[in-house]
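[1] I'll drop the sequence and a predicted model, then ask my questions.
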Number of protein chains: 2
Amino acid sequence: MKCRICGQPASINLRSHKTAFCETDFLHFFERRVRTTIRKYRLVGKDDRPVVAVSGGKDSLSLWYLLSRMGIAADGIYVDLGIGDYSRVSLEKIKAVADRLGRKVFIFHVRDIFQMGIGEVARAIRRVPCSACGMIKRYVMNRVCMDRGYNLLLTGHNLDDEAAALFGNVLYWKKEYLWRKDIVLEEKEGHLSRKAKPFFLCSEREVAAYAIISGIDYIYEECPFSKGAKTLTYKGILGRLEESSPGTKLMFIKGYLNELRQMKMHDEAAGEAKEVIYCETCGYPTLGGQCGFCWTLKKLGLSYRVEFEEYG
Amino acid sequence: MKCRICGQPASINLRSHKTAFCETDFLHFFERRVRTTIRKYRLVGKDDRPVVAVSGGKDSLSLWYLLSRMGIAADGIYVDLGIGDYSRVSLEKIKAVADRLGRKVFIFHVRDIFQMGIGEVARAIRRVPCSACGMIKRYVMNRVCMDRGYNLLLTGHNLDDEAAALFGNVLYWKKEYLWRKDIVLEEKEGHLSRKAKPFFLCSEREVAAYAIISGIDYIYEECPFSKGAKTLTYKGILGRLEESSPGTKLMFIKGYLNELRQMKMHDEAAGEAKEVIYCETCGYPTLGGQCGFCWTLKKLGLSYRVEFEEYG
């Protein structure tokens, strides 16, 4: 297999794109694709002040690095879940990239605010860890944006993440999630920052290759709470389908985005707008009364407090 | 494991319904469920003149038999695809059930009309066999309804069939199929009979158990052309998901039906009606010009002819 560009031996074969590249030309290909995605879906504009949600994994660190190479200067936000070595090592990797890029990281320590790690918080509010973690991360990251004047939160969700989540939403037709997933989510002035996922159309394998070739040192371990998670089953299924029909994951996600666009146009034409309710304690969007974050603090007998360590 | 009704040893365990039955009580349970489905979705009315699409397999023969036990007298239609022993044995099984129920079967011989079997027809029009077969079956079965005064075509599609087809439609967001699948499809006066699938919510395993316990002799072999079909892959995936989360297939299909209902209500509220075009040769609904059946005959240099053998 030869590189499509230079004819030298290829080091990565992309079956879903029916092509192969050497390391250098893969980097250019990958960066060009992300740049095209950002432009086509208008993910980052000239006047935006973006911040990247970093976890220490390949996706978020690659995104942070790639944005910097594109001339998009962004600080980082990290939620330290208080999961022993896993959280400690993750933070080390993040600090190394922050140093390399010369950017700042806001660090939220779950143990400082909740006086316990994410596993115990989840047990206390009777949720699975992934659900409690998602709720806290979404909240805290938005808080940084609102308090520090960032209007755009960028996350490293890749094609495999999105396809697996969509798979679960479609399999059970989860109304509360199905038609709310998008490559960009609009802001609610004064309440919610805009959110965007520049790697929405990049597979996990492509992002991992980009990280490795770019010399980004990331944490390889999966979160210990992800064991047995259904999304891993769905990723496995989609991976096997992709193997027998390359391009399946991309078609699944792109087809969904098309369907979603049509629905939104339809709703707009019908003049349907959804009313948004805000948390009575902190102003975060909620389904009614208090948001999950404020409710959790109250349930644990703690008063409202959100503080960040700043690094860099 | 004991029968939920009589306490005797159970012979079938239905994990998706969290219950188990002995043979006799399973029969009652299964027939009651189908009766409920027929009533709830208004599949068969008092004034209907239904006909059953029979293939010789467990699903269609069980449906034919069950309808008869419910007092719904229906004749059968069989499309003989001209696949050697497979087609011959299928027809034998059908005739045996026709005799048992004292009903008539209309038989359409693909070889009589097309002068070749379905495999060769498919090659001649450059389609995969399943696509050519579906097109011819839909056409011929509707023809019987129109010509002989049946207003309702019942098919044996079961939950596994429907879930697998839906899976493929969702995976690739196939616009032409996705929102057109339903448990009942309305008629187009003078052109298209109503269609309904009473086993839509019954799993393949349940239907097979019903056939065996009822002493229905059906053809066990799958159609030789189905080897390697994607729907078999999708059935395998859904089967494994069902095993780890019983009820998944039912939730997938029921969630879809809900979504579909809301879309239809939405479209009706918006006053959106789809225009239907009819074949210029025979009057069958088409996307424009000639329908697939007439086009195929023309392509093969044959003139329009649809004839049936009548048995019983």
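    Arrived safely.
[2] for whichever residue of the stretch 51-200 of chain A sits closest to chain B, helix, strand, or coil?
    Residue nearest to chain B within the stretch 51-200 of chain A (C-beta to the nearest C-beta): residue A:173, separated by 2.8 Å. Quick note: C-beta positions are derived from backbone N, CA and C, even for glycine. Three-state assignment for residue A:173 (DSSP: H, G, I helix; E, B strand; the rest coil): coil.
[3] Now do the contacts for it.
    For residue A:173, the contact set (C-beta atoms under 8 Å, 6 or more residues apart in numbering or on different chains) comprises B:251-252, B:255-256, B:258-259.
[4] who in the stretch 151-300 of chain A is up against chain B?
    By the rule C-beta under 8 Å from any C-beta of the partner chain, the part of the stretch 151-300 of chain A lying against chain B is A:170-173, A:233, A:237, A:241, A:244, A:248, A:251-252, A:255-256, A:258-259, A:266, A:269-270.
[5] Among the residues you listed, the buried ones, what's the ChimeraX command?
    Here is the ChimeraX selection string for the buried members of these, based on 16 or more other C-beta atoms under 10 Å in any protein chain shown:
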select /A:170,171,172,173,233,237,241,248,251,252,255,256,259
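[6] Do I have it right that residue A:229 meets residue A:130?
    Yes: with contacts counted by C-beta atoms under 8 Å, residue A:229 reaches residue A:130, the gap being 6.2 Å.
[7] and residue A:96, what does it touch?
    Counted by C-beta under 8 Å, 6+ apart, residue A:96 has contacts residue A:217.
[8] In terms of helices and strands, where is it?
    helix A:84-101 (DSSP states H and E).
[9] could I get that helix in CSV with only the CA atoms?
    Output in CSV follows, covering the C-alpha atoms of helix A:84-101 (Å, rounded to 0.1, in the frame of the first residue of the first chain):
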residue,chain,number,x,y,z
GLY,A,84,-6.8,8.0,42.3
ASP,A,85,-4.0,7.4,39.9
TYR,A,86,-6.2,7.7,36.8
SER,A,87,-7.1,11.3,37.6
ARG,A,88,-3.6,12.1,38.7
VAL,A,89,-1.9,10.8,35.5
SER,A,90,-4.5,12.4,33.3
LEU,A,91,-3.7,15.8,34.9
GLU,A,92,0.0,15.3,34.3
LYS,A,93,-0.5,14.7,30.6
ILE,A,94,-2.7,17.8,30.4
LYS,A,95,-0.2,20.0,32.1
ALA,A,96,2.5,18.8,29.7
VAL,A,97,0.4,19.8,26.7
ALA,A,98,-0.5,23.1,28.4
ASP,A,99,3.2,23.8,28.8
ARG,A,100,3.9,22.9,25.2
LEU,A,101,1.1,25.2,23.9
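[10] Can you name the element that comes right after that helix?
    strand A:105-109.
[11] Can you tell me the strand partners of that following strand and which way each runs?
    strand A:75-80 (parallel), strand A:309-311 (antiparallel) (DSSP bridges).
[12] who wins for proximity to residue B:159 among those?
    Among these, the nearest to residue B:159 by C-beta to C-beta is strand A:75-80 (42.1 Å).
[13] what's the spacing between the closest one and its chain's center?
    Averaged C-alpha coordinates place strand A:75-80 at 12 Å from its chain's average position (C-alpha atoms, centre = their mean, to the nearest Å).
[14] Report the angle between whichever strand or helix holds residue A:138 and strand A:105-109.
    According to DSSP H and E, residue A:138 maps onto helix A:129-148. Inter-element angle recorded for helix A:129-148 and strand A:105-109: 130 degrees (by axes from the mean of the first three to the mean of the last three C-alpha atoms, to 10 degrees).
[15] Next SSE downstream of helix A:129-148?
    Counting by DSSP H and E, what follows helix A:129-148 is strand A:152-154.
[16] Return the set of buried residues in the helix holding residue A:96.
    A:86-87, A:90-91, A:93-95, A:97-98, A:101.
[17] how far is it from where the chain is centred?
    That offset, for helix A:84-101, works out to 17 Å (C-alpha atoms, centre = their mean).
[18] same question for that helix, mean pLDDT?
    The average pLDDT within helix A:84-101 is 96.
[19] any idea which of the buried residues of helix A:84-101 is closest to residue A:224?
    Closest to residue A:224, out of all of the buried residues of helix A:84-101 and judged by C-beta to C-beta, is residue A:86, at 6.0 Å.
[20] residues in contact with that closest one?
    A:219, A:221, A:223-224.
[21] all helices for the stretch 101-250 of chain A, in order.
    A:110-114, A:118-124, A:129-148, A:159-171, A:175-178, A:204-213, A:230-244, A:248-269 (DSSP state H, counting those that start in this stretch).
[22] Mind telling me which of the ones you listed the model trusts least?
    helix A:175-178 (a mean of 85).
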